[in-house]
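Q: whatever this is, show me its structure:
(4 chains)
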There are 2 protein chains.
Amino acid sequence: MSASEKITIHDIARLSGLSKGTVDRVLHNRGEVSKKSYEKVMAVIKELGYEPNVYASLLAKQQNYSIAILLPRPEPGSYWELATSGIEKAAEEEKQFGISTTLYTYDEYSAESFREACYQVLSQKPSGVVIAPMFQYETQVFVQELANSHIPYVYVDTKLDTPGGYLAFYGLPAYKSGYLCASILLMKEKVKELLIVRVTRDKERQSDPTVQRRAGFQDYIREHNPGCTLRSIFVSPTDPAATDEALNAFFSEFPQVRHIVMFNSRIHLIVPFLERHPAKDMWVVGFDNLSANVAALKEGTVTTLVAQHPELQVQKAIHALSEFIVFKRKPAVADNHMHMDLLTRYNLEDY
Amino acid sequence: MSASEKITIHDIARLSGLSKGTVDRVLHNRGEVSKKSYEKVMAVIKELGYEPNVYASLLAKQQNYSIAILLPRPEPGSYWELATSGIEKAAEEEKQFGISTTLYTYDEYSAESFREACYQVLSQKPSGVVIAPMFQYETQVFVQELANSHIPYVYVDTKLDTPGGYLAFYGLPAYKSGYLCASILLMKEKVKELLIVRVTRDKERQSDPTVQRRAGFQDYIREHNPGCTLRSIFVSPTDPAATDEALNAFFSEFPQVRHIVMFNSRIHLIVPFLERHPAKDMWVVGFDNLSANVAALKEGTVTTLVAQHPELQVQKAIHALSEFIVFKRKPAVADNHMHMDLLTRYNLEDY
DNA sequence: CGATTTTCCGTGCACGTGCACGGAAAATTT
DNA sequence: AAATTTTCCGTGCACGTGCACGGAAAATCG
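A: Numbering: from 1, shown residues only, chains lettered A, B, ... in the order given. Below you'll find the predicted structure:
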């Protein structure tokens, strides 16, 4: 509990009757040391309980590390733009530790582009990698390569249970967030039917947190409101006209529906429609505080947003990697589930 | 994004036509520098964007820091013994950074003993403090003193919204955990009445997470099972006979009750009674994986434990303080709500 | 036994910053 | 103007480790 004994390699050298050069060779076991000397030194180290001075070591080593960050391409106003914004702050913090960061992006709907980005990362031989994995199989191949090269990696957003073992995961408990979402929608009253809006291209992706969110959502409904009918439609992320049409079709068939939910960050896609067809008692719940979503929240078109703060996830991921690379410290827990905040038009000012 | 320019104080000295001694005086503004020189140096620093090398700085400074940890006295087999067990591991990790830890304990039912411990801590002038606050007023006085001395502090277990501002908080969202607790009890069926067992001395404490847990619990019941009657009894933490008597009295009056919950870690107190009066369909939910509780879980007397891993809370708290003291890094978020794990006899092996 | 290779080890500088010491230059006093 | 004080600044060592270099001692070879 007390402290301030500081054993240096000089002490060890003196007590073992050798020089600090030899002690150093033993410590980093890089040979050129006789068996007798080796054992002598080891004995003294054990006895004194030597622990190297990290600062001196790092100062002398003068090493530069690099962290590669692998995210979907951040389209303006998108979820991944939020995530990307966390990089800069983290990068600045880690810079003083001799760590530089590089962002690699890929098309979140193209496995080919993901593979390409992975290749880029590998060719740079980074000291650590942050990954937001969208493609299960390709990611598994990739992290296998990383494991072979003894490169630690951290997942953000989505977790894959990869064999070699990830250093950490920072993200939301996807299932729970869906569950939470349902509890919000059903907060006021029993609901007879509601609309789940999905995005066409979601089907193309293999690993998708929205799937688990939907599962959590459905479980909540089943448990608390089993009579409720869930209806789905698909809208296009790129074609507003098609989206409009889909919504029109739906509401002409089911005009009584008053609850809408989307499990991805694109709730803003349906905002134009809602503005053209205002309904006072509409409950609209979506995810993530994209500027477009927040604007809709302010207007009142969207009722609630579940914000998951991807920028914090990325920040923490980078920090965990840095700690491990520089100090060999593993995070206390591997799976770190971050907060979800519930944003309404009333608590928005705090942001 | 790239890097590897490394500006040293030598560079600054050279470019400003002065010596590194002067540059150093400017950087730490400790005077003995003419105005002209000062400005010249500052200009060069700004221009080159100098950032000190943390390792060299810390190596040269050769400073030793101390962290004081202020917890309730860890009685054998108690909750706080669990918490205390986290200290050792953290201490070992932080030792390499020149940080030593000291544990101060107090009687969790005696404000006087808390004040005493606070005084001890203050007299040691630690570099940082970890506090598990049991007494609201006394804690506020204490942290005010800390703030005056510019000593950072971190809360574990319970958070107080103290004015000066805590560096971080690591603990459970108490309200939520009570809510969760209720959802477990009501998992299988609608419940008509249930028993809340409380501990006599709980009444003496001012700041108590069990109060918030109870609130969360009651809210869940009101929302999901409004017909349910909540009954309370008090048992003694020290007198098994009295405990037995209280339970006997209760169950002779309400023999039909089949659900029991306790919001503190002492569910093991009622285990002897339950073993003497076995009932097959009894649901018993408590908190924390104390060895006595876990044993009861294995036996089947206790159904579920909500585990909050106090050792992790303490570990993380120490780490956050260390990072701040040594590197001036604040945690990404101040309020860190940790996981709660649900322990049943079936997933116990994973532990 | 001398020549050559191999094994093994000590010396010394570098990393960048902090800080004590001493001394030159300027300002003030006598 | 000399003496004294104050202001200001440069020099140099220390922190503990990493690593290159060169050389002594031991082993091997001719």
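Q: from here on, just use CA atoms for contacts and neighbour counts.
A: Noted.
Q: so residue A:284 touches residue A:257, yeah?
A: No. With contacts counted by C-alpha atoms under 8 Å, residue A:284 stays clear of residue A:257, the gap being 11.2 Å.
Q: neighbour count: the two, which is higher?
A: Higher neighbour count among residue A:284 and residue A:257: residue A:284, with 24 against 17, using other C-alpha atoms under 10 Å in any protein chain shown.
Q: identify the bridge partners of that one.
A: residue A:260 (DSSP bridges).
Q: quick one: residue A:198 from residue A:271, how far?
A: 14 Å (C-alpha to C-alpha, to the nearest Å).
Q: list the buried ones in the helix or strand of chain A with the lowest mean pLDDT?
A: Lowest on mean pLDDT, DSSP states H and E among the helices and strands of chain A sits helix A:174-185, with a mean of 79. If you call a residue buried by 16 or more other C-alpha atoms under 10 Å in any protein chain shown, then helix A:174-185 has these buried ones: A:174, A:175, A:176, A:177, A:178, A:179, A:180, A:181, A:182, A:184, A:185.
Q: cool, stretch A:337-351 as well?
A: Result for stretch A:337-351 [16+ other C-alpha under 10 Å]: buried residues A:337, A:338, A:339, A:340, A:342, A:343, A:344, A:345.
Q: helices and strands around the helix or strand containing the fifth one, which ones?
A: Spelled out, that is residue A:342. Per DSSP states H and E, residue A:342 falls inside strand A:341-343. The helices and strands touching strand A:341-343, judged by 3 or more C-alpha pairs under 8 Å, 6 or more residues apart in numbering or on different chains; DSSP states H and E, are strand A:304-307.
Q: circling back to that earlier point, give the partner strands of the strand holding residue A:342 in its sheet and their orientations.
A: When DSSP bridges is applied, strand A:341-343 pairs with strand A:304-307 (antiparallel).
Q: buried set for the strand it pairs with?
A: Within strand A:304-307, the residues scored as buried using 16+ other C-alpha under 10 Å are A:304, A:305, A:306, A:307.
Q: would you list these in JSON lines and tack on distance to residue A:12?
A: Shown next, in JSON lines, are the buried residues of strand A:304-307 (distance: C-alpha to C-alpha, whole Å):
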{"residue": "A:304", "distance to residue A:12": "64"}
{"residue": "A:305", "distance to residue A:12": "61"}
{"residue": "A:306", "distance to residue A:12": "57"}
{"residue": "A:307", "distance to residue A:12": "55"}
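Q: would CSV of those with distance to residue B:17 and pLDDT be doable?
A: Below are those laid out as CSV (distance: C-alpha to C-alpha, whole Å; pLDDT from 0 to 100):
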residue, distance to residue B:17, pLDDT
A:304, 60, 88
A:305, 57, 90
A:306, 57, 89
A:307, 53, 88
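Q: and of the residues you listed, the nearest to DNA strand D?
A: Using C-alpha to the nearest atom of the strand, residue A:307 is the member of the buried residues of strand A:304-307 that lies nearest DNA strand D, at 43.8 Å.
Q: which residues does the closest one bridge with?
A: Beta-bridge partners, per DSSP bridges, of residue A:307: residue A:341.
Q: where does chain A have low pLDDT?
A: Under the criterion pLDDT under 70, the flagged ranges of chain A are A:1-5, A:163-164, A:187-189, A:202-207, A:349-351.
Q: quickly list the domain ranges of it.
A: Annotated domains of chain A cover A:9-53, A:63-171+A:310-338, A:174-307 [automatic domain parsing].
Q: using a markdown table, lay out the ones you listed together with distance to residue B:279.
A: Output for the domains of chain A, formatted as a markdown table (distance: least, C-alpha to C-alpha, whole Å):
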| stretch | distance to residue B:279 |
| --- | --- |
| domain A:9-53 | 55 |
| domain A:63-171+A:310-338 | 38 |
| domain A:174-307 | 28 |
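Q: and these: which comes nearest DNA strand D?
A: Once the domains of chain A are compared by C-alpha to the nearest atom of the strand, domain A:9-53 is nearest, at 3.7 Å.
Q: DNA strand C contacts on chain A?
A: When proximity is defined as C-alpha under 7 Å from any atom of the strand, chain A approaches DNA strand C at A:17-22, A:32-38, A:56, A:59-60, A:62.
Q: what about those residues, which are in strands?
A: Of the residues of chain A next to DNA strand C, none are assigned to strands by DSSP state E.
Q: of those, list those near DNA strand D.
A: Okay, of those touching DNA strand D (C-alpha under 7 Å from any atom of the strand), that's A:20, A:21, A:56, A:59, A:60.
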